[in-house]
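Colleague: Mind folding the following:
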Amino acid sequence: ADEDADEHGGTQRQLTGSCPTTCYDVDCDYWVAQDGDTCAELESVYGCDCGGCACDDSSGSGGGGGACPNTCFGDSCDYWVAQDGDTCAALIDDYGCDCNGCTCPSEACAPTCYGQDCDYWETASSEQTCAHMESTYGCDCSGCAC
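Modeller: Alright, predicted model coming up:
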């Protein structure tokens, strides 16, 4: 990570303009917002590269500081998108969650239909439409092309 010593002998992160996805397929800012980790912890414990990331871990809440609030059953929208394949739109509409400030990864056509996304099933069978999969099988086809 790009760091310089500050006037108190600590280190201060320098933003390089891009936050790399080097931390389990997402970037450090995601984990700071998601789990309340610090960038120092992500780098030292998990081997992530947080150079260029904002690392807004100043909230001290320990449970999802940063810009994405924990308004969805005790967790953030980003957590549920990553955990269950939900979309932020569905979390807002169906559960009343506040997803403002969240990155909403995987917002495009998540695999919410028997381990696949709706576009997969539409391609596999011409009888499958988004409307049919949602009403018959309970799939969430938000963000899918079908």
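Colleague: Tell me where this structure has strands.
Modeller: 3-5, 11-13 (DSSP state E).
Colleague: Go through these and find the least confident stretch.
Modeller: For those, mean pLDDT drops lowest on strand 11-13, to a mean of 38.
Colleague: All the helices of the protein, residue numbers only.
Modeller: Along the chain, the segments classed as helices by DSSP state H run 28-35, 39-46, 77-84, 88-95, 118-124, 130-137.
Colleague: Y114 and G138 touch, don't they?
Modeller: No - counting by Cβ atoms under 8 Å, Y114 stays clear of G138, with 9.9 Å between them. In short, each C-beta sits where N, CA and C put it, glycine included.
Colleague: Tabulate the helices of the chain in a markdown table, adding columns for mean neighbour count, mean pLDDT and distance to A54.
Modeller: Shown next, in a markdown table, are these (neighbours: other Cβ atoms under 10 Å; pLDDT from 0 to 100; distance: least, Cβ to Cβ, whole Å):
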| stretch | mean neighbour count | mean pLDDT | distance to A54 |
| --- | --- | --- | --- |
| helix 28-35 | 25 | 80 | 5 |
| helix 39-46 | 17 | 79 | 9 |
| helix 77-84 | 21 | 78 | 15 |
| helix 88-95 | 17 | 86 | 20 |
| helix 118-124 | 18 | 84 | 33 |
| helix 130-137 | 15 | 91 | 36 |
